[in-house]
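K.L.:
Pasting the sequence and the predicted model now:
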Amino acid sequence: MGWALALALMGAQLGCGSDSDGDGIHDGADCAPDSDSSWKQLTMYDDADGDKYGSGEPRMICIGKTLPPGLSTQGGDCAPEDATRWMSLTGKGYYADADGDGKAVHAPSSDCVGANTTGYLRVQGTDCDDADPKVWTSRSLYADEDGDGVAEGEASLHCIGSSVPPGMSETASDCAPGDSTRYRTWNHVGRDEDGDGFFVSAPGTLCIGEAPPAGYTSSTLTRLDCDDTRADVWTPLVQYLDSDGDQVGSGPAETLCSGEGVRPGYSLGAGDCAPDDNTRWMLHSYLWRDADGDGATVSQTGQVCGGFQIPAGFSMTPGTHLDCDDTRAEVSVTWSVFPDADQDGVGAGAQRTICAGTTRPAGYADTGTDCAPDDALRWRTFTPRFRDTDGDGFTVAPGGPVCLGASTQGYPDTSRGTDCDDTRAEVYQSLQVHVDMDGDGVGSGPALTLCTNGSPPAGHSLQGTDCAPDDASRWRLHAFKYVDADGDGHTLPSTGQVCAAATLPPPYTPSASGNDCDDADPARFLWRVLYPDRDGDGVGTPPRVVLCLDDAPPPPGYSIYGFDPDDSDPASRDPADESELDEFLFTQ
């Protein structure tokens with residue numbers, strides 16, 4: 001399809017023309033205009049072995065859709081007669097590994113191969129024998145006659161594998177060619193004859209094997225053996241005679257050759273303050289003294305000989321408190337107290353200073369503010385805010401400070417109000433009341449001030465407006481504006497006041513309900529404008545009359561209409577009036 005498209009484009013460029021063989025290619029672009037099986041020219045090579053790679057000189061061939069047998073569009077076949085090989089490795093970076101040991105030769109390959117490149121690597125190698133997979137690297141080796149891995153003499157080049165062959169060596173420094181256990185020279189700087197791990201200076205050279213011999217070292221000597229004839233000592237130590245064995249010596253210093261520790265009977269440390277007592281060896285400074293052992297101290301400085309701990313009775317820190325008498329263990333605390341005659345815990349009188357034990361001495365107190373020295377129930381002066389003698393929660397002014405004990409009963413911090421009588425708990429509040437003679441809850445007469453429990457006493461009321469003091473069913477004046485005397489629900493205007501109970505009684509009312517035309521007759525209450533109707537046809541004629549009636553239909557002989565043209569003839573009606581009547585009737 002690609003060639004057809006190219007030829008079609010070529011034909012388009014050349015312009016339209018004839019196609020003699022009908023193959024779709026213009027004769028001007030068709031390399032075989034008389035054959036519909038060929039129309040394009042390609043550069044071809046002879047492919048004798050059919051591996052799709054040709055060789056020899058290229059030729060221009062006119063073809064169609066398929067390549068002719070024995071030809072190929074690709075040249076360069078390095079083996080024209082062998083279909084399994086066609087590609088030359090020259091310049092492609094391949095290196096031969098004929099023995100398959102994974103090591104390539106140094107020179108790049110120019111072999112002719114096919115699709116399979118097994119036996120070639122893309123990494124340059126140094127295989128010195130590509131026919132033997134057991135060897136691949138060249139080494140200069142020396143003959144090792146005694147087999148100790150170290151040889152001597154002249155080196156020769158050998159192709160080897162992963163290890164040096166037996167009888168050969170990469171080095172030529174054997175200091176004992178006939179002894180396989182020794183082959184290298186080794187310089188030592190120290191000697192350890194007693195085997196204690198510490199050396200004396202002894203530089204020299206030895207012929208040895210892999211490991212240095214015991215008793216020698218090549219390391220820098222940091223600690224020299226002070227006696228290389230004895231394995232139990234090796235280091236000089238400055239020591240002091242320790243007669244009592246407390247590990248702290250005394251006397252002049254002595255330098256002795258020792259081992260892990262000091263010599264028996266000696267110590268590294270000096271300064272034993274008691275050379276013949278193994279429980280004491282160290283001087284301790286102290287700032288405080290507790291001679292009586294009560295835990296309280298006095299200030300005193302000095303030094304004392306002891307063991308690891310400072311001896312009892314001496315300290316660098318103060319005790320529980322300063323001792324007022326360090327000769328007696330039962331007393332140690334200085335007390336500033338006041339005599340407490342009534343034993344209530346609060347004293348009085350002049351303050352005294354006493355040396356006693358850790359608890360306050362009996363008969364004394366820390367404070368001297370007892371306001372009642374001879375009464376154990378009272379000891380403190382209290383300034384109250386309120387006084388409540390009867391305990392009802394209502395108070396009066398306290399009247400100044402008082403002497404109390406633990407309880408402040410009768411002197412609260414808060415108040416429910418001022419008490420009008422602090423001697424009786426049942427009354428506490430002053431009220432303005434009025435005498436209520438009839439017991440209806442509303443009094444009358446002048447106001448009285450009484451001390452109460454918050455409510456008016458029996459026979460009294462907070463209100464003094466009783467309009468009927470002797471009638472318990474009436475106590476309140478009610479104003480009215482209308483009256484309904486006949487009880488028909490329709491009123492007449494009428495103003496005034498009436499004494500009654502809680503609500504305005506009938507027939508009085510504060511609001512209007514109609515306009516009663518006869519308040520003495522419950523059957524009549526509405527003014528009606530009517531016309532006489534003599535013929536009874538429902539329509540009357542003037543003159544109209546105004547009657548006091550109820551809201552029922554008009555009585556016989558009357559009508560609410562007054563436009564009958566002939567009130568003596570029931571059948572006589574004005575048509576215009578009839579329609580007006582109908583309109584009036586049906587629109588109301």
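P.N.:
Arrived safely, thanks for sending. Residues are numbered from 1 along each chain as shown.

K.L.:
isn't W39 right up against K65?
P.N.:
No: counting by C-beta atoms under 8 Å, W39 stays clear of K65, with 9.4 Å between them. Using the backbone N, CA and C atoms, a C-beta is placed for each residue, glycine as well.

K.L.:
For Y94, see how far away S110 is.
P.N.:
Separation of S110 from Y94 (C-beta to C-beta, to the nearest Å): 9 Å.

K.L.:
Revised request: answer the last question for S37.
P.N.:
42 Å.

K.L.:
Those two - which one has more neighbours?
P.N.:
Y94 (22 against 12; other C-beta atoms under 10 Å).

K.L.:
Find the nearest non-adjacent residue to the more buried one, please.
P.N.:
Once flanking residues are discounted, Y94 sits nearest to Y120: 4.3 Å by C-beta to C-beta, 6 or more residues apart in numbering.

K.L.:
cool, and V427?
P.N.:
Nearest in space to V427, with sequence neighbours left out and distances taken as C-beta to C-beta, 6+ apart, is C451 at 4.6 Å.

K.L.:
Then S285?
P.N.:
Nearest residue to S285 in three dimensions, chain neighbours excluded: Q303, at 5.4 Å (C-beta to C-beta, 6+ apart).

K.L.:
Show me what the one helix or strand that neighbour maps to is in contact with.
P.N.:
Assigned by DSSP states H and E, Q303 falls within strand 298-306. With C-beta atoms under 8 Å, 6 or more residues apart in numbering as the test, strand 298-306 has contacts from 273-274, 280-291, 310-311, 314, 322-323, 326.

K.L.:
Drop anything exposed from those residues.
P.N.:
Buried residues within these, counting neighbours by 16 or more other C-beta atoms under 10 Å: 273-274, 280-282, 284, 286, 288-290, 310, 314, 323, 326.

K.L.:
just to revisit the earlier point, which one's more surrounded, W39 and K65?
P.N.:
Just comparing W39 and K65: by other C-beta under 10 Å the higher neighbour count belongs to W39, 25 against 11.

K.L.:
So M44 sits against P69, correct?
P.N.:
No: under the criterion of C-beta under 8 Å, M44 makes no contact with P69, lying 11.4 Å away.

K.L.:
For L549, the count of nearby residues, please.
P.N.:
19.

K.L.:
Let me see the contact set for it.
P.N.:
Going by C-beta under 8 Å, 6+ apart, L549 touches R524, L526, W527, R528, P555.

K.L.:
List just the nearest of those to D518.
P.N.:
Relative to D518, the closest of these is R524; by C-beta to C-beta it sits at 4.5 Å.

K.L.:
any weak-confidence spans in the protein?
P.N.:
For the chain, the stretches with pLDDT under 70 are 1-16, 149, 151, 153, 573-588.

K.L.:
Mind splitting it into its structural domains?
P.N.:
Per the record, the chain has its domains at 2-88, 525-588, by automatic domain parsing.

K.L.:
quick one: which of these is nearest W186?
P.N.:
Between W186 and the domains of the chain, the shortest separation by C-beta to C-beta is 58.7 Å, and it involves domain 2-88.

K.L.:
Check the offset of that closest one from the chain's centre.
P.N.:
In terms of C-alpha atoms, centre = their mean, to the nearest Å, the centre of domain 2-88 is found 80 Å from the chain centre.

K.L.:
Could you do stretch 510-526 as well?
P.N.:
With C-alpha atoms, centre = their mean as the basis, stretch 510-526 stands 85 Å off its chain's centre.

K.L.:
which residues does V331 contact?
P.N.:
Here V331 is in contact with C324, D325, C355, A356, G357 (C-beta under 8 Å, 6+ apart).

K.L.:
That one sits in which helix or strand?
P.N.:
Per DSSP H and E: V331 is located in neither a helix nor a strand.

K.L.:
where's it relative to F314, distance?
P.N.:
V331 sits at a distance of 21 Å from F314 (criterion: C-beta to C-beta).

K.L.:
still on that earlier bit, closest one to P505 out of the buried ones among the contacts of strand 298-306, please.
P.N.:
Of those, the one sitting nearest to P505 (C-beta to C-beta) turns out to be D323, at 99.4 Å.

K.L.:
would you say I61 is within a strand?
P.N.:
Yes: with DSSP: H, G, I helix; E, B strand; the rest coil as the criterion, I61 is assigned to a strand.

K.L.:
So it sits against M44, correct?
P.N.:
Yes: here I61 reaches M44: they are 4.4 Å apart, a contact under C-beta under 8 Å.

K.L.:
Please point out which parts of stretch 236-247 sit buried.
P.N.:
Buried-residue list, stretch 236-247, by 16+ other C-beta under 10 Å: L237, Q239, Y240, L241, D242, D244, D246.

K.L.:
how long is that stretch end to end?
P.N.:
Counting by C-alpha to C-alpha, to the nearest Å, you get 18 Å between the two ends of stretch 236-247.

K.L.:
For P275, give me its contacts.
P.N.:
Here P275 is in contact with S243, D244, S250, G251 (C-beta under 8 Å, 6+ apart).

K.L.:
please redo it, this time with the cut-off set to 10 Å
P.N.:
Contacts for P275 (C-beta atoms under 10 Å, 6 or more residues apart in numbering) come out as Y240, L241, D242, S243, D244, D246, V248, G249, S250, G251, W281.

K.L.:
repeat for S140
P.N.:
Shown in contact with S140 (C-beta under 10 Å, 6+ apart): E154, A155, S156, L157, H158, E170, A172.

K.L.:
Repeat that for G100.
P.N.:
When contacts are counted by C-beta under 10 Å, 6+ apart, G100 touches T118, G119, D130, P133.

K.L.:
So it, which state does it fall into?
P.N.:
coil.

K.L.:
Then V433?
P.N.:
strand.

K.L.:
hang on, it packs against S444?
P.N.:
No: using C-beta atoms under 10 Å, V433 is not in contact with S444, being 11.3 Å away.

K.L.:
list residues touching both of these two?
P.N.:
Counting by C-beta under 10 Å, 6+ apart, the contacts common to V433 and S444 are S461, Q463, G464.

K.L.:
From D392, how far out is the nearest residue to G391 once chain neighbours are set aside?
P.N.:
Spatial nearest neighbour of G391, chain neighbours left out: A425 (5.8 Å); criterion: C-beta to C-beta, 6+ apart. A425 sits 4 Å away from D392, going by C-beta to C-beta.

K.L.:
Give the residues shared as contacts by the two.
P.N.:
With C-beta under 10 Å, 6+ apart as the test, A425 and D392 both reach D419, N453.

K.L.:
if we can go back for a sec, more neighbours: which of I61 and M44?
P.N.:
Taking other C-beta under 10 Å, I61 and M44 do not tie; M44 has more neighbours (20 against 17).
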